[in-house]
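J.: Test case, fold it:
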Amino acid sequence: MLDRVRESLFSTLRDWLEGAKVLDLFAGSGSLGLEALSRGAKAARMVERHKPTLELLRRNVQELGLEASVELVCADALAPRAWQGGELVGGSARWDLVFCDPPYPLMQDAKTRGEVLAALRALVAEHLEDSGRVVVHVPRGLLNTASFGAAVSAECRTWGSNDVWYLGRPAGERA
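T.: So this is what the prediction gives:
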């Protein structure tokens, strides 16, 4: 994600950051989860399955001195077991903020895009706090509101060639 897109994104997330439990899927270098921590999030679980990238992420966390606030997980970001928090978040499986920045090839292939969308629906339905948000970064114009299904409230913001979707539970379906 470009720096200017990330900056714009975080300016929209102020209300969700303070004290938040963050799940960062397809974490890569950790830029989203680490930025959330720098802006007041309590803890971040970062999921990355590519081992060399996970080692880069581990070094980034260490260089910033954030080991006490980060859980690193080597796993498939679409696997529900990767969404279960550890001791850092009291074993919570419910998140205030979830970042999902899947590699573009996953989203451009219809089969794997369907797998990502199914995982997003499950995250919203079963693993998101009532007022929480799932933030999804994809190429512009790839998805529309109907892509997420009726059980997901979806709003899109576009910055250049990037769409950022904000997902949550519809107001009438919150506990």
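J.: rest of the way, CA atoms for contacts and neighbours
T.: Fine.
J.: Can you mark which positions in the lengthiest helix in the chain are buried?
T.: Longest helix in the chain by number of residues, with DSSP state H as the criterion: helix 110-126. Buried residues in helix 110-126, counted by 16 or more other CA atoms under 10 Å: 113, 116-117, 119-121, 123-125.
J.: Could you tell me the per-residue confidence at L54?
T.: With respect to pLDDT, L54 scores 96.
J.: What count of nearby residues applies to it?
T.: 21 (other CA atoms under 10 Å).
J.: again, but for A77
T.: Counted with other CA under 10 Å, A77 comes out at 23.
J.: In contact with it, which residues?
T.: Going by CA atoms under 8 Å, 6 or more residues apart in numbering, A77 touches 25-26, 47-49, 83.
J.: rerun at 7 Å
T.: 25-26, 47-48 (CA atoms under 7 Å, 6 or more residues apart in numbering).
J.: picking that back up, check which helices and strands the longest helix of the chain sits against.
T.: helix 104-108 (3 or more CA pairs under 7 Å, 6 or more residues apart in numbering; DSSP states H and E).
J.: Can you give the distance of the helix it packs on from its chain's centre?
T.: Averaging C-alpha positions (CA atoms, centre = their mean, to the nearest Å) puts helix 104-108 16 Å from its chain's average.
J.: So for it, mean pLDDT?
T.: According to the model, helix 104-108 has a mean pLDDT of 93.
J.: which residues of this structure fall in helices?
T.: 3-12, 14-17, 31-38, 51-63, 104-108, 110-126.
J.: Now do the second one: distance to the chain's middle.
T.: Translated: helix 14-17. 14 Å.
J.: Repeat that for the longest one.
T.: Its chain's C-alpha centre and that of helix 110-126 lie 13 Å apart, by CA atoms, centre = their mean.
J.: Show me what it is in contact with.
T.: Contacts for helix 110-126 (CA under 7 Å, 6+ apart): 78, 106-107, 148, 152, 168-169.
J.: picking that back up, select, out of the helices of the chain, the one closest to V134.
T.: helix 110-126 (7.2 Å; CA to CA).
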